[in-house]
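Enquirer: Mind looking at a prediction? Sequence and model below.
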Amino acid sequence: MNHYFRQDYLRVPDGSSLYFQVLGEGEPGMVLCDGLGCDGFAWKYLTPYLSRQHRVLRWHYRGHGRSGRPEDSRRFGMLYTCEDLDRLMDAAEVKQGIIFGHSMGVQVALEFHRRYAHRVRGLVLICGSYGNPLDTFHDSTYLKRVFPVLRHLVERYPARAARLIHSLLSTDLAMQVALSVELNRDLISKADLAPYFEHLARMDPVVFVRTLDSLATHTAWDHLPHVDVPTLIIAGERDKFTPSWLSRKMAEHIPGAELMLVPLATHTATLEYRELIELRIERFLRDRLGVQVPLPPRLPPGEGATPS
C-alpha cells in the first residue's frame with residue numbers, strides 16, 4: 001500500500017491560491033478534474049484505488065473547495081483553468097498524466113489536451129460533455145433560456161442568493177429530491193452524496209454562475225478529431241445532467257475512443273458502480289496504456305478489515 005500524502009497551496013501569478021493534494025507514488029500520474037460546484041466527492045473510491053500504485057493529483061478550481069477566488073473577478077473560465085492545471089502538475093511533479101474528468105471536468109480535460117497535449121498520456125472522460133452543457137441539460141434548452149436571469153439575480157443580490165441557497169441545500173428535502181429525480185436512490189448512499197450538498201451550500205454563488213457562464217459558451221467539439229491519446233468514455237445510461245448520447249457522440253468523433261455505458265447509472269456513476277468502473281478503468285490502463293493497477297492484496301482466510 002502506497003501511503004504518500006501531501007496537501008498544499010499554489011499561488012499563481014494573478015494572486016489566486018489553489019489547493020491541491022498528492023496521494024501515492026508512481027508513474028504515470030493520475031490527474032482528477034472535478035465537476036462544477038464540486039470539491040472531490042465523485043472521486044471518493046477511485047482516489048484510493050488509483051493511488052495504490054500511482055501518484056494521484058486532486059485539486060480544487062478557483063473559488064471551489066479550499067481554493068481562493070482571483071482578485072480580478074473576471075478571471076474565471078477554461079483558459080485560466082487549463083493554465084492552473086499546467087502549473088499544478090509542475091507543483092505536484094507530474095510531468096505527464098492520465099487526465100480524468102467528471103462532468104465539467106470532461107470539458108477541462110479536453111481543452112487541456114488541446115492546449116497542453118504534451119502533458120497528456122491518456123483521457124478518462126466520465127459523465128460529461130465536450131461543451132455547451134446548458135444546451136443539453138435534461139435534454140432541454142430550458143436552463144439555457146433562464147440562466148441569464150438567474151445569473152443577473154445572483155450578481156445583483158449575492159448575499160441574499162448565498163443565504164437562500166444555503167438554507168435550501170442544508171435541508172434533507174434537497175437530498176431527497178436529488179435522490180428521487182436526478183439519481184438512483186437504490187445505488188447511491190446519502191453518505192456518498194452529502195459532501196456535494198455541503199460544499200455547494202458553502203460555495204459563493206457568484207463563483208458558481210460565473211464558472212457556469214464560462215462553460216456555457218465553451219466547446220471542444222472541433223478538437224475531438226485531434227485527440228491523439230487513448231481515451232475511455234464512461235456514461236450513465238440514466239444520466240439527466242449529461243445525457244448518454246453526448247458520450248456516444250464523443251466516442252464516434254475521438255479516434256479510437258472506447259465507450260462504456262453503465263446500465264441504470266446516473267451522473268454519479270463512479271459512486272453507484274464503483275467496482276465495475278474500477279475494473280473497466282484497470283483494463284483500459286493495462287490494454288491501451290500498458291499501465292498496471294494491481295488489485296488489493298488478498299488477506300488470509302478469516303482476516304479482514306474491522307468495520308468502523
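Expert: Arrived safely. Numbering: from 1, shown residues only.

Enquirer: Strands along the stretch 101-250 of the chain, start to end?
Expert: 120-126, 231-236 (DSSP state E, counting those that start in this stretch).

Enquirer: Can you redo these as TSV, where the extra columns are mean neighbour count and mean pLDDT?
Expert: Where you see a C-beta, it was placed from the backbone N, CA and C, and this is true even at glycine. Formatted as TSV, the strands of the stretch 101-250 of the chain follow (neighbours: other Cβ atoms under 10 Å; pLDDT from 0 to 100):
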stretch	mean neighbour count	mean pLDDT
strand 120-126	25	98
strand 231-236	26	98
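
Enquirer: would you list the ones you listed in TSV and tack on distance to E252?
Expert: Shown next, in TSV, are these (distance: least, Cβ to Cβ, whole Å):
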stretch	distance to E252
strand 120-126	13
strand 231-236	10
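
Enquirer: Out of those, which gets nearest to R55?
Expert: Taking Cβ to Cβ, strand 120-126 is the member of these nearest to R55, at 12.6 Å.

Enquirer: That closest one: partners in the sheet, and parallel or antiparallel?
Expert: Strand 120-126 pairs in its sheet with strand 97-102 (parallel), strand 231-236 (parallel), by DSSP bridges.

Enquirer: Out of these, flag the one nearest H54.
Expert: strand 97-102 (8.4 Å).

Enquirer: and the gap between Y157 and S73?
Expert: Relative to S73, Y157 is positioned 16 Å away (Cβ to Cβ, to the nearest Å).

Enquirer: Can you list the buried residues in the helix or strand bottoming out on mean pLDDT in the chain?
Expert: The helix or strand of the chain with the poorest confidence is helix 172-177; it has a mean of 86 (mean pLDDT, DSSP states H and E). Buried residues in helix 172-177, counting neighbours by 16 or more other Cβ atoms under 10 Å, are found at 174-175.

Enquirer: and that helix, what does it pack onto?
Expert: helix 190-202 (3 or more Cβ pairs under 8 Å, 6 or more residues apart in numbering; DSSP states H and E).

Enquirer: related to what we said a few turns ago, make CSV from the strands paired with strand 120-126 and add distance to R62 to it.
Expert: Below are the strands paired with strand 120-126 laid out as CSV (distance: least, Cβ to Cβ, whole Å):
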stretch, distance to R62
strand 97-102, 17
strand 231-236, 26
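
Enquirer: Nearest to L200, out of those?
Expert: Minimum separation from L200 across the strands paired with strand 120-126 (Cβ to Cβ) falls at strand 97-102, 15.0 Å.

Enquirer: gap between the closest one and the chain center?
Expert: Taking Cα atoms, centre = their mean, to the nearest Å, the mean C-alpha location of strand 97-102 is offset from the chain mean by 8 Å.

Enquirer: Pull out the CA atoms of it and give them to me as PDB.
Expert: The C-alpha trace of strand 97-102 is given here as PDB (Å, rounded to 0.1, in the frame of the first residue of the first chain):
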ATOM      1  CA  GLY A  97      -0.500  12.400 -16.700                       C
ATOM      2  CA  ILE A  98      -3.700  10.400 -17.500                       C
ATOM      3  CA  ILE A  99      -6.400  13.100 -17.100                       C
ATOM      4  CA  PHE A 100      -9.600  12.000 -15.600                       C
ATOM      5  CA  GLY A 101     -12.600  14.300 -15.800                       C
ATOM      6  CA  HIS A 102     -16.100  14.100 -14.300                       C
END
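
Enquirer: Tell me the buried residues in stretch 285-292?
Expert: Buried residues in stretch 285-292 (16+ other Cβ under 10 Å): 285, 291.

Enquirer: Quick one: residues contacting G15.
Expert: 70-71 (Cβ atoms under 8 Å, 6 or more residues apart in numbering).

Enquirer: Relative to W59, how far out is it?
Expert: Distance of G15 to W59, computed by Cβ to Cβ: 17 Å.
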